[in-house]
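Asker: Here's a sequence, model it:
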Amino acid sequence: MEENQNIPEPENTEETTATVDQPTEKKIKLPEVTIESLQYLHTAAKWAQFLSIMGFISVGILCLVGIVLGIVLSITDKMASFPFPVPAGLLGFIYIIIAFVYFFPALYLYRFSTSTTRALVLKDTPSLTDAINNLKKIFKFIGIATIVAISLYILIIIGAVVFGSYIATHGGLNQ
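Answerer: Presented below is the predicted three-dimensional model:
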């Protein structure tokens, strides 16, 4: 735990129980944030910063590849004896769309990292709330992306089965 020595010690280390007033006048006990929890958050923030920077670099590379691929395929499509099966710029455009989608998780990770670090250094509760909000956004984004991917896989499988049964019943593609 040598890496966690940069986290400031809290001013008041006495054990307290936090409560929140509910509309029914019941009080609930909130979880306590310990020094160990803060150290884990500090470590998570460092890794989030590293992963977000790698994400931004990946987005830049994807955009660059998309642009170069679009230009190269446009030039070679005009010079080739047989045309490319899809429009030449489409593949480059797909790379740029993927980069655009990949940008958001990298941005949320970066915001989580900076807000967590700010919250720990300044002992700032609104920054910690912002950090956790960005963490929520990351998980929500990944959850929606997973649902979309599973849906696409199901559609691809259904399409493959339909295509395969068509081929089987009609004796091949040439007929």
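Asker: buried sites along stretch 112-126?
Answerer: Of the residues in stretch 112-126, those buried by neighbour count under the rule 16 or more other Cβ atoms under 10 Å are 112, 113, 114, 115, 116, 117, 118, 119, 120. Backbone N, C-alpha and C define where each C-beta goes, glycine included.
Asker: okay, that stretch in PDB with CA atoms only?
Answerer: As requested, the backbone C-alpha atoms of stretch 112-126 are provided in PDB (Å, rounded to 0.1, in the frame of the first residue of the first chain):
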ATOM      1  CA  PHE A 112     -14.100  10.000 -13.100                       C
ATOM      2  CA  SER A 113     -10.400  10.200 -12.600                       C
ATOM      3  CA  THR A 114     -10.100  13.900 -12.300                       C
ATOM      4  CA  SER A 115     -13.200  14.300 -10.100                       C
ATOM      5  CA  THR A 116     -12.000  11.500  -7.700                       C
ATOM      6  CA  THR A 117      -8.500  13.000  -7.400                       C
ATOM      7  CA  ARG A 118     -10.000  16.400  -6.700                       C
ATOM      8  CA  ALA A 119     -12.400  15.000  -4.200                       C
ATOM      9  CA  LEU A 120      -9.600  13.200  -2.300                       C
ATOM     10  CA  VAL A 121      -7.100  16.100  -2.300                       C
ATOM     11  CA  LEU A 122      -9.600  18.800  -1.500                       C
ATOM     12  CA  LYS A 123     -12.000  16.700   0.600                       C
ATOM     13  CA  ASP A 124     -14.700  17.900  -1.600                       C
ATOM     14  CA  THR A 125     -18.000  16.000  -1.500                       C
ATOM     15  CA  PRO A 126     -19.500  17.500  -4.800                       C
END
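Asker: Run through who's touching that stretch.
Answerer: 7-8, 10-11, 38, 41-42, 44-46, 48-49, 52, 127-128, 130-131, 134-135, 138 (Cβ atoms under 8 Å, 6 or more residues apart in numbering).
Asker: Could you identify the buried members of those?
Answerer: Members of the contacts of stretch 112-126 that pass the buried threshold by neighbour count (16+ other Cβ under 10 Å) are listed as 7, 38, 41-42, 45-46, 48-49, 52, 127-128, 130-131, 134-135, 138.
Asker: Kindly indicate which of the buried residues of stretch 112-126 lies nearest residue 85.
Answerer: Distance to residue 85 across the buried residues of stretch 112-126 (Cβ to Cβ) is lowest for residue 112, with 42.0 Å.
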